[in-house]
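A.B. asks: Dropping the sequence and predicted coords here.
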Amino acid sequence: MPVIEQQDFRKNRAIPSIYKSMLIIFCILGIFIHSYWNKQTVKTLVVDNETIMFEEINKQSLIVNFVIENRSNSEITEKIRVEVIDQDNILITSTIMYLKFKPEKNIFSEQIKYKRRFSDIDDRQLRALITVQPRKLLW
């Protein structure tokens, strides 16, 4: 009768732990690459705050003209937040939009509706804050 040798199961368990540690290392590496890529995307778009102008301000909406420079060599679509505030830092309206950016300077003219009606909108000194919203991580 042949003798069957018992296998040492501790040796077989070492292989899955190596795969687990490699998976953890690749996940951490992916997080670092993804966060670096997000920072690079935001740094490539620069808002020219001195060129923000308003047109056709009326009781229901206004048109905001602004320039954003794309410093990368490729076209990018990013989320932009436009906030209009008055001299007392009261938020008049805000909106989020996705805009497509070509390389070099991009000129935009966007109509924004007010969230509520302002009877004294002509007397207020308005200014706009335009920010590029960074991409969120998926987890």
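C.D. replies: On my side now, so go ahead. Numbering: from 1, shown residues only.
A.B. asks: Rounded mean pLDDT for whatever helix or strand Ile33 lives in, please.
C.D. replies: Assigned by DSSP states H and E, Ile33 falls within helix 9-44. For helix 9-44, the mean per-residue pLDDT is 74.
A.B. asks: do the same with stretch 61-71
C.D. replies: For stretch 61-71, mean pLDDT rounds to 88.
A.B. asks: same question, stretch 125-135
C.D. replies: 83.
A.B. asks: Give me the residues contacting that stretch.
C.D. replies: For stretch 125-135, the external contacting residues (C-beta atoms under 8 Å, 6 or more residues apart in numbering) are 38-39, 41-42, 45, 47, 49, 52, 54, 57, 62, 64, 66, 68, 78-87, 92, 96. For the C-beta atoms, the positions are set from N, CA and C on the backbone; glycine is no exception.
A.B. asks: what do you get if the cut-off is 7 Å, keeping everything else the same?
C.D. replies: 38, 41-42, 45, 47, 52, 54, 64, 66, 78-87, 92, 96 (C-beta atoms under 7 Å, 6 or more residues apart in numbering).
A.B. asks: Of those, grab the buried ones for ChimeraX.
C.D. replies: Listed next is the ChimeraX selection for buried residues among those, using 16 or more other C-beta atoms under 10 Å:
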select :45,47,52,64,66,78,80,82,83,84,85,86,92
